[in-house]
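K.L.:
only geometry, no sequence info:
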């Protein structure tokens, strides 16, 4: 980053960005045409893939382009945007194509193991997990389920921030993310729980109270772990933010890393309990 | 390796191993019960995954165990051994579970990027590509198609070895695999072509001559590239053989790396041309 913005102007920028994106998102979920939310998800997924491959293959532009394409190729059948019959052949092409492409520019050999792992793993990390978000949207009351997901993310982040700042003492996992505290993490779970209760009592009554409590805590815990996973990757490759596409928020991946894991947990929970 | 065996005894051991495994393989393909070949493929896939995760997470036993399990979880629906409806939830669990597990032992942080990439990518690299082998077997004349795949591997390796040894001058890709030559690679394509012609004229007449010629060359070229991909990974992580499970042959992955790519190409070719 060329310069570090002052905290206050950063917060203003952050709120301004949110003020533009949140209404668009809510419109796409609750009132817009049915193609709008999947289209926005596809866009965000592609931008996130660009960030991921910029981190894992910084000197390999061809791999970055392929990484975005391959991620969208995984997203399309996994999200249900393409028929299931496309899934197996598409995935075979993604695996083989990516590995072949690592040979085009094999140097530096020392980091080739990282690149080959991510050229296969990256499209599945993002394509599959963004795919679960689209599948949530396609579920009964799908728009409301995705709003719940957003509430988990927002409630968890906000509560974790304020609780961590005022009460945070014990480090959560210093090796991976030095600033996070146990108190902040617990606050985050509480924030998500509030989101789940709001959903149950207000806009998603089909989510029973017991499910609302259990799911909120599990989804938020997975989200926090997902955040740590991305922090571990960033520390390992030596970057601080995944990117700077969202003014005031850092990168796309920084914003969605927790949300992706929460979405996956909601999807699996729906599948297991048939709700 | 504790000691390097002499070339002659190594060749004898190599032939002895082949003398045990090849008849078992042919029996499973052409005469045995229908479950035998998928079962053998599953076993080999699991052993290959163990080698892969031993290379990419050498100090992380938990990740190695997970890697094998996750690879089999990907193999099962991708090979058709589990119903298609299992595919999406299973894959979500593989992606999220693997990434969460990288947090259990996050150190050394420097190599965490490699581990997180492979914990997602590895199960798809092996699970999807071994899955295509089972799908070849499930195709019409499936046993014969897999015999053709073996002929590609055997013909290509043998011809590449002898042509490379006698005529090899120009290096194929020295950065990745210093011993391979362009002449050997061309010999390998020729060897696979012979295999394809044997299939067309002898045991797989449904493979038309034109398809036999094109497919043989493309599948063998992909196989050679697949071999280079694994060589690149091995060089990058600093190992010489993927393992030593097959007496005289080195590791499982060393033996199947080319075959996996050829299988994927045959599968895609079958899908695209409807043969």
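P.N.:
Received, thanks. Just so it is clear, the structure is predicted and the values come from calculations on it, not from any experiment. Residues are numbered from 1 along each chain as shown, chains lettered A, B, ... in the order given.
K.L.:
for the stretch 101-250 of chain A, which spans come out with low pLDDT?
P.N.:
Of all residues in the stretch 101-250 of chain A, none has pLDDT under 70.
K.L.:
tell me which parts of it are close to chain B?
P.N.:
Applying C-beta under 8 Å from any C-beta of the partner chain, one finds that the stretch 101-250 of chain A approaches chain B through A:102-103, A:106-107, A:109-114, A:116-122, A:124-125, A:128-129, A:131-132, A:135, A:173, A:175-176, A:222, A:225-226, A:228-229, A:232-233, A:235-237. C-betas here are computed from N, CA, C, even on glycine.
K.L.:
For stretch A:103-118, report the contacting residues that lie outside it.
P.N.:
With C-beta atoms under 8 Å, 6 or more residues apart in numbering or on different chains as the test, stretch A:103-118 has contacts from A:52-53, A:56-57, A:60, A:62-63, A:67, A:99, A:102, A:237, B:56, B:113-114, B:116-118, B:120-122, B:173, B:175-176, B:225, B:228-229, B:232-233, B:235-237.
K.L.:
Longest helix in chain A, please.
P.N.:
The longest helix of chain A (DSSP state H) is helix A:209-237.
K.L.:
What helices and strands are in contact with the following helix or strand past that helix?
P.N.:
The C-terminal neighbour of helix A:209-237 among helices and strands, as given by DSSP states H and E, is helix A:252-273. Packing contacts for helix A:252-273, counted by 3 or more C-beta pairs under 8 Å, 6 or more residues apart in numbering or on different chains; DSSP states H and E, involve helix A:36-56, helix A:112-138, helix A:142-167, helix A:209-237, helix B:87-102.
K.L.:
mind checking which of these is nearest residue B:249?
P.N.:
Of all the helices and strands packed on helix A:252-273, it is helix A:112-138 that lies closest to residue B:249, at 22.8 Å by C-beta to C-beta.
K.L.:
For the closest one, buried residues please.
P.N.:
The neighbour-count check on helix A:112-138 (16 or more other C-beta atoms under 10 Å in any protein chain shown) flags A:112-137 as buried.
K.L.:
Pull the distance from that helix to the chain's centre.
P.N.:
With C-alpha atoms, centre = their mean, to the nearest Å as the basis, helix A:112-138 stands 10 Å off its chain's centre.
K.L.:
And stretch A:175-189, by the same measure?
P.N.:
With C-alpha atoms, centre = their mean, you get 18 Å for stretch A:175-189.
K.L.:
measure that stretch end to end?
P.N.:
Length of stretch A:175-189, first residue to last, C-alpha to C-alpha, to the nearest Å: 22 Å.
K.L.:
likewise stretch A:228-248?
P.N.:
Its start and end residues considered, stretch A:228-248 measures 20 Å (C-alpha to C-alpha).
K.L.:
How about stretch A:171-179?
P.N.:
Distance across stretch A:171-179, first residue to last, is 7 Å (C-alpha to C-alpha).
K.L.:
Let me know which of the helices and strands packed on helix A:252-273 is tucked in deepest.
P.N.:
Of all the helices and strands packed on helix A:252-273, helix A:112-138 has the most neighbours on average by mean count of other C-beta atoms under 10 Å in any protein chain shown, namely a mean of 27.
K.L.:
okay, the angle between that one and helix B:112-138?
P.N.:
Helix A:112-138 runs at 70 degrees relative to helix B:112-138, counting by axes from the mean of the first three to the mean of the last three C-alpha atoms, to 10 degrees.
K.L.:
and the direction of helix A:112-138 versus that of helix B:209-237, what angle?
P.N.:
Interaxial angle of helix A:112-138 relative to helix B:209-237 (the same axes, to 10 degrees): 110 degrees.
K.L.:
The longest helix of chain A to helix A:36-56, inter-axis angle?
P.N.:
Interaxial angle, helix A:209-237 versus helix A:36-56 (the same axes, to 10 degrees): 30 degrees.
K.L.:
Tell me how far helix A:209-237 lies from the chain's centre.
P.N.:
Its chain's average C-alpha position is 10 Å from that of helix A:209-237, according to C-alpha atoms, centre = their mean.
K.L.:
What separation do you get for residue A:151 and residue B:101?
P.N.:
Residue A:151 sits 28 Å away from residue B:101, going by C-beta to C-beta, to the nearest Å.
K.L.:
swap in residue A:228?
P.N.:
12 Å.
K.L.:
re earlier: figure out which of the helices and strands packed on helix A:252-273 is closest to residue A:30.
P.N.:
helix A:142-167 (4.8 Å).
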